[in-house]
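Colleague: Attaching a predicted model along with its sequence, questions to come.
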Amino acid sequence: MLRTITPLLGAFLLAGASTLYAQTPTPPSDADKAARHDKMKAAAKQARQACQGKEGTEHRDCMRTEFCKQSKDAAKCEARIKQHAEAFNKGYEACKGKATGDEFRACMRQQHVDARGGGKK
């Protein structure tokens, strides 16, 4: 009985392993990363051209709108950018009084971690 179970068990394990291996996502290749990077650079360049001549808050809002206009879900894109900007501004205010550049960067890094919910409170 053991002689018939062992090869059968091996076959099941081999089939299961190959099925699991086939389901793992493949990491993006360097070409995919480069293409995504080029697409982002082109979108940013187009947004800069569209917002040329505007300053301050008007420029920032224009850049956000133009950049998100090209995404699949523009509302979700704008919400994510606004959330990121709010977190940055909050961190900047908390770290404004740091004396050196290294202290400021360390503080901003910690604020970023805390904003994402990874910091200890």
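Modeller: Sure, I can see it.
Colleague: ranges for the strands of the chain?
Modeller: Taking DSSP state E, the chain contains no strands at all.
Colleague: which residues of it fall in helices?
Modeller: 2-23, 30-50, 56-69, 74-95, 101-115 (DSSP state H).
Colleague: Let me have these in CSV, adding mean pLDDT and mean neighbour count as columns.
Modeller: Every C-beta, even on glycine, is put in place using the N, C-alpha and C of the backbone. Listed next are those as CSV, based on pLDDT from 0 to 100; neighbours: other C-beta atoms under 10 Å:
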stretch, mean pLDDT, mean neighbour count
helix 2-23, 63, 9
helix 30-50, 88, 12
helix 56-69, 87, 15
helix 74-95, 87, 13
helix 101-115, 83, 14
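Colleague: what's the distance between the most centrally placed residue in the chain and Asp102?
Modeller: Closest to where the C-alpha atoms of the chain average out (C-alpha atoms, centre = their mean) is Arg80, at 10.4 Å. Distance of Arg80 to Asp102, computed by C-beta to C-beta, to the nearest Å: 29 Å.
Colleague: Kindly report the same for Gly56.
Modeller: Gly56 is 30 Å from Asp102, by C-beta to C-beta.
Colleague: Ok, Arg60 next?
Modeller: Taking C-beta to C-beta, one finds Arg60 at 28 Å from Asp102.
Colleague: How is the protein divided into domains?
Modeller: The chain breaks down by automatic domain parsing into domains covering 32-70, 83-121.
Colleague: With distance to Lys76 added, can I get these in CSV?
Modeller: Shown next, in CSV, are these (distance: least, C-beta to C-beta, whole Å):
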stretch, distance to Lys76
domain 32-70, 8
domain 83-121, 11
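Colleague: how about those, which one is nearest Thr26?
Modeller: In terms of C-beta to C-beta, the element of these nearest to Thr26 is domain 32-70, at 9.7 Å.
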